[in-house]
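J.: Dropping a prediction and its sequence here:
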Amino acid sequence: MSTNANDAAPVLPEVMYAQASPKSVGGVSLFAATPQDVTENVANFHSDQEVTRSAAALLREAGFQVIHESPTTINLAGPPQLYEDYFQVPLRADERSVVKAGGVADTATYVDCPLTDMYGLIPTDRSPAADVLEGVAIESPIYFHESAFAPTRQYWHLTVPGDISAGVNADRAHRAEVTGRGVRAVMVDSGWYRHPYFERRGYRSGPVVLGPATTSPADDEVGHGTGESANLFAVAPDVELTMVKVNFVNSIGAFNVAVALRPHIISCSWGRNLPVGPLTAADQALAAAIATAVAAGIVVVFSAGNGSGLGFPGQHPDVVSAGGVMLEQDGTLHASNYAMGGVSAVYPNRKVPDVSGLVGMRPKAISIMLPVQPGDEIDRDRAGGAFPDGDETTTNDGWGGFSGTSAAAPQVAGVCALLKQVRADLTPQAVKGILTRTAVDVTTGVNGNGDPAGPGYDVATGWGLVDAHAAVREAQTAGSGPAAERGVDADELAATGTASGQGLER
Amino acid sequence: MRDDDPELTAEVVLRPAGRPMSGWEQITAETVAAMRPDEAAVSAVRDYFQAEGFTVSPLRGISSTITGPRAAFERQFGATALTGEPLELPLDQLPRQVSEVVQAITFSARPDYGPGHP
């Protein structure tokens, strides 16, 4: 719907969207029922498929664009004149005060048909579709009112930035002015929406870079990239983020776009389940792209994977593989049963994860309240329902409860950013070495495969939960030589499920 | 892949110098340089697909991206090559000097976790 910024008489928009309701099977019109009736007896307001099909055909024949057919309505679009001619009704535009995104007061154009008492309802009894349609509701302008502040809910969950920062012990690094300043990180994900949460805190993010076969750089239709970036900023608030928007028909191309930006760090929260080999040609191409990036000195972090099995590229030897640890309200830590971990069938002696970030538990790992684009896939899909099956937020509030190792990867990448701030010369291998040596050992719980956590290395959490302060301290005090990655004794791991490392004390 | 995609993009994975590549190959930061294809192979692939109307990215690792309209892909790989959700495209219609240096031309697999499956 268009808005009129001046004082001229309101004009009808060029295109009007509406919901046409085919005759309801219950015999009472959707528009004559009370809201309570519709909620409690929604099946009565469904329409016979044949009736819906006939109505849609008539509307198409008349020149309307039929966008979608649902059990209760047909979504259509067309110019106002078409509505007036087909339904033989007058329409009028009203200019009304509204509050738009960000709390901005403005006006918007609403459309009404004066022949009915219900605002915005077009009667159908004068039209050729009178036998199959019971009414047409004109869409009203809707504006999202996402807040910069997360909604509060009663179930235990973490918020950004505070709980994530404290959870991985980054607050103490921040107070020492180690915040990721001067470090460039790229995320390859579903996009990035400039949510008021980021604006309010002054986080730095450049324009979204479009990967192959992507469009709409200002939108994150899924919400995943937007939300996960809040994990990165929570740990490294002064990092400079660039989002590369990915279309998974060519994730390799998107990853290579990220490499071409020559960042210090690339964080990826995606992959596929590959518990056994071999790799496909596409996997090998992605492996080569990762290897090329790491050989050039870029730290590459991948999530280890969610559920059961073993993720790729999370099992690639060159990446920092991020697993999951659950932080309970009393401060105790245990392995997340939502996170993958195990021994690679493709890469000899490769065990994942390396370290872990903060991740929730099954069934849906709803444990971190993250900002998303209002009305996007995550906002809609996670909304409603009681925890742990839903996040108890609304479908368009711009917030969603989710985590998984998708959240762990940018948290770990945030710690990497702190390390690169204090020691720009650290190689990817040295960064991984510091992370593994300084992680907090997690000794209880099981991962998604049922593998138990225990003292030392285990495939449930790797070397444990990343500790940003300890990692920074080691980076500041270590010499300039390469830091060895903490080793895993394969025989010991196979025999006991855990390994104590190779004499490297914390 | 959707039928209404205005353009398609696929990855051309090249063979390491003079030999086919297996799915068990260890391509890491230490070995990737040895996996690079011959310059002649890179040029042959780039020149061929550019001449056929595709946009070809520089070689990254062991692969280049080709981008073009759906019709160009159908012309190149056969009208039925894009039906369903194929990962790898058939190479048998490519000229020999191209097909013998190409390991595969492939779309990426959809992720099992990440966007869409947090």
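T.: Okay, I see it. Numbers count the residues shown, from 1 in each chain, chains lettered A, B, ... in the order given.
J.: so how far is stretch A:11-23 off the chain centroid?
T.: Centroid displacement of stretch A:11-23 relative to its chain, using Cα atoms, centre = their mean, to the nearest Å, is 32 Å.
J.: For the residue nearest the centre of chain A, which non-adjacent residue is closest in space?
T.: With distances taken as Cα atoms, centre = their mean, the residue of chain A nearest its centroid is A:H224 (1.5 Å). Closest residue to A:H224 apart from its sequence neighbours, by Cβ to Cβ, 6 or more residues apart in numbering or on different chains: B:P115 at 3.9 Å. Every C-beta, even on glycine, is put in place using the N, C-alpha and C of the backbone.
J.: for the one you found, what are its contacts?
T.: Taking Cβ atoms under 8 Å, 6 or more residues apart in numbering or on different chains, we find B:P115 in contact with A:D189, A:S190, A:V222, A:H224, A:G225, A:V246, A:F248, A:S269, A:W270.
J.: among those, which are in strands?
T.: When the contacts of B:P115 are checked against strands (DSSP state E), the matches are A:D189.
J.: Pick the one among the contacts of B:P115 closest to chain B.
T.: A:W270 (2.6 Å; Cβ to the nearest Cβ).
J.: rewinding a little: let me know the closest of the contacts of B:P115 to A:G414.
T.: Checking the contacts of B:P115 against A:G414 with Cβ to Cβ, the nearest one is A:S269 at 12.7 Å.
J.: Tally up the residues packed near the closest one, please.
T.: A:S269 sits with 33 neighbouring residues when counted by other Cβ atoms under 10 Å in any protein chain shown.
J.: repeat for A:L426
T.: Around A:L426 there are 23 residues (other Cβ under 10 Å).
J.: tell me the pLDDT at it?
T.: pLDDT recorded at A:L426 is 97.
J.: Over to A:D458?
T.: 98.
J.: As a check, name the ranges of all strands in chain B.
T.: Using DSSP E, strands in chain B cover B:7-14, B:55-56, B:63-69, B:88-89, B:102-106.
J.: Now distance to A:I366, mean pLDDT and mean neighbour count too, for these, in JSON lines please.
T.: JSON lines is the format used below for these (distance: least, Cβ to Cβ, whole Å; pLDDT from 0 to 100; neighbours: other Cβ atoms under 10 Å in any protein chain shown):
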{"stretch": "strand B:7-14", "distance to A:I366": "34", "mean pLDDT": "93", "mean neighbour count": "25"}
{"stretch": "strand B:55-56", "distance to A:I366": "42", "mean pLDDT": "96", "mean neighbour count": "16"}
{"stretch": "strand B:63-69", "distance to A:I366": "36", "mean pLDDT": "94", "mean neighbour count": "23"}
{"stretch": "strand B:88-89", "distance to A:I366": "37", "mean pLDDT": "94", "mean neighbour count": "18"}
{"stretch": "strand B:102-106", "distance to A:I366": "35", "mean pLDDT": "96", "mean neighbour count": "22"}
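J.: returning to that earlier point: let me know the closest of the contacts of B:P115 to A:T34.
T.: A:V222 (36.1 Å).
J.: Can you give me every residue that contacts that closest one?
T.: By Cβ under 8 Å, 6+ apart, the residues touching A:V222 are A:S190, A:G191, A:D376, A:E377, A:I378, B:P115, B:G116.
J.: Mind doing that once more with 10 Å?
T.: A:189-191, A:245, A:372-373, A:376-379, A:381, B:114-116, B:118 (Cβ atoms under 10 Å, 6 or more residues apart in numbering or on different chains).
J.: burial count for the closest residue to it other than its chain neighbours?
T.: Excluding the flanking residues, the one nearest A:V222 by Cβ to Cβ, 6+ apart is A:S190, at 3.8 Å. Counted by other Cβ under 10 Å, the residues lying close to A:S190 total 33.
J.: so who does A:S190 touch?
T.: A:S190 neighbours (Cβ under 10 Å, 6+ apart): A:214, A:219-228, A:243, A:245-248, A:269-270, A:372-373, A:376-378, B:114-116, B:118.
J.: Look at it and report its pLDDT.
T.: So, for A:S190, pLDDT stands at 97.
J.: This completes my enquiry, with thanks.
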